[in-house]
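can you look at this prediction? I've put the sequence above it.
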Amino acid sequence: MKKINKLLLIVFLTVISTINVNASTNTYDRSTLENYGVNKNIENIDSKLSYIMNTKKVDATEKIYDFADILTDEEEQKLKEKIDEFINNNNMDMVIVTDTFAYTSDSQNEAYADDFYDYNDFGMPFEYNSGVLLLRNTNPSDPYYHMSTTGNAQLYLNDSRVNSILDNIYNDIKSGNYYEGFSNWISYTDSYLKSGYPSTASNYYLDNNGNMYRVKPKYYPPIPIALLMGLAAAGTTIGIMISKNKMVKKAHNASEYLDNGSINITKREDTYLRSHTTSYTISSSSGGSHHSGGGHSFHSGSSGFSHGGGGRHG
């Protein structure tokens with residue numbers, strides 16, 4: 001009887017340890033959850049169901065989801081503390097997720113990152129669901145990492161800043177120094193947010209859902225050729241009429257035209273600047289579309305929300 005009780009105790013402790021260790025890998029069955037566990041204002045949920053069901057449902061308060069098991073519990077705890085500080089200082093969310101999966105195009109890593117953010121409760125306490133996410137895909141044949149930006153983070157982190165962040169953590173990520181790489185990612189991102197919006201952000205704005213719009217100069221059509229020809233013809237006619245006017249006395253010196261005591265000449269330049277803007281929005285189709293230029297690249301995820309970011313092989 002004692003042996004049986006001892007065996008049961010060992011089994012019980014094993015189960016408990018399995019639940020508590022690597023708690024960031026806990027997931028939930030979406031089919032049992034209201035609205036499949038999607039709590040954001042996403043339209044046409046049924047049309048996006050395949051994307052939703054293929055996205056792991058997690059507890060959004062944990063922030064680190066090490067499905068590839070590349071971090072120790074101690075490293076997760078330290079990174080979580082850094083992330084909590086980042087969130088408190090910047091009023092936007094921050095997420096790290098690792099996984100291992102095959103892919104045939106880089107866009108599949110992008111889609112994984114965007115869907116993981118959109119179909120879980122990340123960013124919900126903040127305006128436009130703002131936040132940043134770093135995905136590490138430890139695919140042994142072609143490892144990859146991708147940074148996704150949402151809401152206000154799209155404005156703060158333009159292409160130049162994203163590329164700088166990705167380049168600065170490349171050596172650590174590629175060599176498997178994941179704690180250092182993730183820690184530096186937090187620090188570099190925080191530094192850019194503290195420096196304020198880049199100048200390129202003035203070319204963009206966000207709608208009520210946090211989708212990015214690009215502001216473009218309004219197109220002005222060229223002056224019609226017929227009008228130009230008419231003006232030229234009128235100028236020629238006026239010139240001929242003046243030249244035939246015998247009442248006009250030709251002067252040989254400029255002083256003959258001037259009353260030196262009554263005129264004051266200064267240099268003046270008249271410059272006319274036309275300023276008017278219009279805008280267009282990204283596609284909200286589930287297939288997604290990409291836009292770039294003006295310093296920011298952005299695309300629509302399967303949810304219809306826009307994201308910025310970029311990725312690297314290695």
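Alright, I've got the coordinates.

from what I can see residue 87 touches residue 94, true?
Yes: the criterion here is Cβ atoms under 8 Å, and residue 87 meets it with residue 94 at 5.8 Å. C-beta: built from backbone N, CA, C; applies to glycine.

just the buried positions in stretch 166-175, please.
Buried residues in stretch 166-175, counted by 16 or more other Cβ atoms under 10 Å: 166, 169, 172-173.

next: stretch 41-60.
So stretch 41-60, judged by 16+ other Cβ under 10 Å, has buried residues 42, 48, 51-52, 55-58, 60.

neighbour-wise, which of residue 87 and residue 94 wins?
Legend: neighbour count by other Cβ atoms under 10 Å for residue 87 and residue 94, higher for residue 94 (25 against 16).

which SS class is the more buried one?
Here residue 94 is strand, with the state taken from DSSP: H, G, I helix; E, B strand; the rest coil.

now it: how far from residue 134?
Distance of residue 94 to residue 134, computed by Cβ to Cβ, to the nearest Å: 8 Å.

same question for residue 201.
Separation of residue 201 from residue 134 (Cβ to Cβ): 22 Å.

give me the low-pLDDT residue ranges for the protein?
Flagging of the chain using pLDDT under 70 yields the residue ranges 1-23, 216-289, 292-294.

strands along that one, start to end?
Remark: strands assigned in the chain by DSSP state E are 64-66, 93-99, 131-137, 144-150, 204-206, 212-217, 277-281, 290-291, 298-300, 306-313.

as CSV, these with distance to residue 161 would be great.
As requested, the strands of the chain are arranged in CSV below (distance: least, Cβ to Cβ, whole Å):
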stretch, distance to residue 161
strand 64-66, 23
strand 93-99, 15
strand 131-137, 11
strand 144-150, 10
strand 204-206, 14
strand 212-217, 15
strand 277-281, 23
strand 290-291, 18
strand 298-300, 14
strand 306-313, 10
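
of those strands, which is nearest residue 75?
Closest approach to residue 75 among those is made by strand 64-66 (8.9 Å; Cβ to Cβ).

so what secondary structure elements neighbour that closest one?
Strand 64-66 sits against helix 73-90, strand 93-99, with contacts defined as 3 or more Cβ pairs under 8 Å, 6 or more residues apart in numbering; DSSP states H and E.

against residue 213, how distant is the nearest residue to residue 119 once chain neighbours are set aside?
The spatial neighbour of residue 119 that comes closest, neighbours along the chain excluded (Cβ to Cβ, 6 or more residues apart in numbering), is residue 55 at 4.4 Å. As judged by Cβ to Cβ, residue 55 and residue 213 stand 26 Å apart.

for residue 299, same thing?
Distance of residue 299 to residue 213, computed by Cβ to Cβ: 13 Å.

between those two, which one's more packed in?
The residue with more neighbours, out of residue 299 and residue 213, is residue 299; 21 against 17, by other Cβ under 10 Å.

name the nearest residue to the more buried one, sequence neighbours excluded.
Closest residue in space to residue 299, ignoring its immediate chain neighbours: residue 290 at 4.3 Å, by Cβ to Cβ, 6+ apart.
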